[in-house]
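*Asks:* Sequence plus the predicted model coming up.
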Amino acid sequence: VTGVQTCALPIFQLGIRGWRYEINPSWGSETPSLYIANKLMWNPQADVDAMLEEFYTSFFGPAAAPMRTYIQALDKRLATADHHSGGAWDLPLIYDAETRRIADVALTQARQLATSEPYAARVKAFSDCWRQFVLFDQMLATRDKHDYTQSMQTLSELTDRKSTRLNSSHSSVSRMPSSA
């Protein structure tokens, strides 16, 4: 979110009226950025904080507060990292132990609060993305310790999870409520 918020107005001042915002396959932490980028293309001077509040409330319902905490924790680390290649390889270095603790607690709270659809499915999708990161990090860590058996088992779990996600319906995840 921070990158989109920081760049939108200068981009429009240069005369650019639209851009393509790309994300990685673990899109869970990127969803607010996509929402904000879309809104800022219509009005680059819009109140980003108000739009974010609308996003969290409309998209996560009763789980808005912990999901805000989760997304802001990840966004803060990405925005303040002294390096980032743009890919997943740097994320284990960027998401430190405290950020991971905040993310785990926030997602646990969000799952407890989001008991009805579509909010439960949306929180689950974000939780699944975080789990993908945790598994990816475990795979890298075991590989670096030359524990190739464990690394391969974790890679297999990642692959199985990806296949399951690709074969499931995410209609309630991708659709914003009509009020948003």
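*Replies:* That came in fine, so what should we check first? Numbers count the residues shown, from 1 in each chain.
*Asks:* mind listing what's buried in the helix or strand Ile36 falls within?
*Replies:* Element membership for Ile36 (DSSP states H and E) is helix 31-42. Within helix 31-42, the residues that count as buried by 16 or more other CB atoms under 10 Å are Thr31, Pro32, Ser33, Leu34, Tyr35, Ile36, Ala37, Lys39, Leu40, Met41. (Each C-beta comes from the backbone N, C-alpha and C, glycine too.)
*Asks:* same check, this time on stretch 67-76
*Replies:* For stretch 67-76, by 16+ other CB under 10 Å, it's Met67, Arg68, Thr69, Tyr70, Ile71, Gln72, Ala73, Leu74, Asp75.
*Asks:* now the strands: where do they sit in the protein?
*Replies:* Assigned by DSSP state E, the chain shows no strands.
*Asks:* What part of it, helix or strand, is modelled with the least confidence?
*Replies:* helix 171-174 (a mean of 50; mean pLDDT, DSSP states H and E).
*Asks:* For the lengthiest helix in the chain, name the packing helices and strands.
*Replies:* When the chain is parsed with DSSP state H, its longest helix is helix 119-144. Applying 3 or more CB pairs under 8 Å, 6 or more residues apart in numbering; DSSP states H and E, one finds that helix 119-144 makes contact with helix 48-60, helix 64-80, helix 91-94, helix 97-113, helix 148-166, helix 171-174.
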